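Peer 1: just coords:
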């Protein structure tokens, strides 16, 4: 059985998740088995997360739903940015390492732009098959419909049975959560994957251990690029060592396969 995982970032607009899932299932005909939604610990976002879960259970009951709630309200600091990077890296790595899915597709339509940019970069490290963005031309109308349903969304989130609540108001929720495929566009963003062997070599020189350039086993242009990015320093004698930023990237690359 083919296992296809969708990973979606979520902000204050829940439909971007369900629109993406419907596009991949109904538009692309993919046998989606799992959906993981990444959300911040924000009350509005969390209410939307419950709505997304109920909407997916109502329309796609066979899809397994997973959630990753980040331990902060929003990404506002360098520390929270690194925390997001680490959590997102582990989540993407786990799709194949632990859950053994055959393909991973990542939607960056939800959440803040900095989260989307960071997640797109991580996708090239962790073998993501596709990175996508959802564009709704009539976004203002969608926002107005969401605001009109705000009280019902809050009631659904606090109810003891969100799925039953959703199904009772299905005629109101479905047009917002599942607009016709022709009303929005899903764009696939080109991402070039980094070779795993190269990433393992880069990880080795970011441990903090000093190495000679020859022992690093990396082309000069790669070493020069890593230095220009502030990840390593190369001394006049040819010794290579990781910077503080490089060691943070090392922590991220530890989620790669050995």
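Peer 2: It's in. Given the structure is predicted, the values throughout are model-derived calculations rather than measurements. Residues are numbered from 1 along each chain as shown.
Peer 1: Buried residues in the helix or strand bottoming out on mean pLDDT in the chain, which are they?
Peer 2: Ranking every helix and strand in the chain by mean pLDDT, DSSP states H and E puts helix 213-216 at the bottom, with a mean of 80. Buried positions in helix 213-216, judged by neighbour count with 16 or more other Cβ atoms under 10 Å: 213, 216. C-beta coordinates here come from the backbone N, C-alpha and C atoms, glycine included.
Peer 1: Show me how far that helix is from its chain's centre.
Peer 2: 34 Å (Cα atoms, centre = their mean, to the nearest Å).
Peer 1: Now residue 64: phi and psi?
Peer 2: phi -80, psi 130 (degrees, to the nearest 10).
Peer 1: gap between it and residue 6?
Peer 2: Distance, residue 64 to residue 6, using Cβ to Cβ, to the nearest Å: 11 Å.
Peer 1: With neighbour numbers in mind, choose between the two.
Peer 2: residue 6 (26 against 14; other Cβ atoms under 10 Å).
Peer 1: my read: that one touches residue 37, true?
Peer 2: No: checked against Cβ atoms under 8 Å, the pair residue 6 and residue 37 is beyond contact range at 9.1 Å.
Peer 1: Show me the common contact partners of the two, please.
Peer 2: Common contacts of residue 6 and residue 37, defined by Cβ atoms under 8 Å, 6 or more residues apart in numbering, are absent altogether.
Peer 1: helix or strand right after the least confident helix or strand of the chain?
Peer 2: Note on helix 213-216: by DSSP states H and E, the next helix or strand toward the C-terminus is helix 220-228.
Peer 1: how far does that following helix sit from the chain's center?
Peer 2: Worked out by Cα atoms, centre = their mean, helix 220-228 lies 28 Å from the chain centre.
Peer 1: Packing partners of the very next helix or strand once past it?
Peer 2: As assigned by DSSP H and E, the chain's next helix or strand after helix 220-228 is strand 232-234. Other helices and strands packing on strand 232-234, by 3 or more Cβ pairs under 8 Å, 6 or more residues apart in numbering; DSSP states H and E, are helix 220-228, strand 239-242.
Peer 1: quick one: buried residues of the last one?
Peer 2: I take that to be strand 239-242. Those would be 240, 241, 242, for strand 239-242 by 16+ other Cβ under 10 Å.
Peer 1: so which of these would you say is closest to residue 155?
Peer 2: Nearest to residue 155 among the buried residues of strand 239-242: residue 242, at 51.2 Å, using Cβ to Cβ.
Peer 1: Including mean pLDDT and distance to residue 149, could the helices and strands packed on strand 232-234 go into CSV?
Peer 2: As requested, those are exported to CSV (pLDDT from 0 to 100; distance: least, Cβ to Cβ, whole Å):
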stretch, mean pLDDT, distance to residue 149
helix 220-228, 94, 48
strand 239-242, 91, 50
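Peer 1: Switch those over to TSV, and while doing so, append distance to residue 71 to every line.
Peer 2: TSV is the format used below for the helices and strands packed on strand 232-234 (distance: least, Cβ to Cβ, whole Å):
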stretch	distance to residue 71
helix 220-228	30
strand 239-242	27
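Peer 1: For residue 205, which of these is the nearest?
Peer 2: strand 239-242 (5.6 Å).
Peer 1: which residues are contacting the closest one?
Peer 2: Against strand 239-242 from outside (Cβ under 8 Å, 6+ apart): 205-213, 216, 223, 231-235, 250.
Peer 1: mind listing what that strand pairs with, with the direction of each?
Peer 2: Strand pairing for strand 239-242, using DSSP bridges, gives strand 211-212 (antiparallel), strand 232-234 (antiparallel).
Peer 1: Summarise which helices and strands the helix or strand just after it is packed against.
Peer 2: From strand 239-242 onward toward the C-terminus, using DSSP H and E, the following helix or strand is helix 244-253. Other helices and strands packing on helix 244-253, by 3+ Cβ pairs under 8 Å, 6+ apart, are helix 78-97, helix 113-125, helix 196-205.
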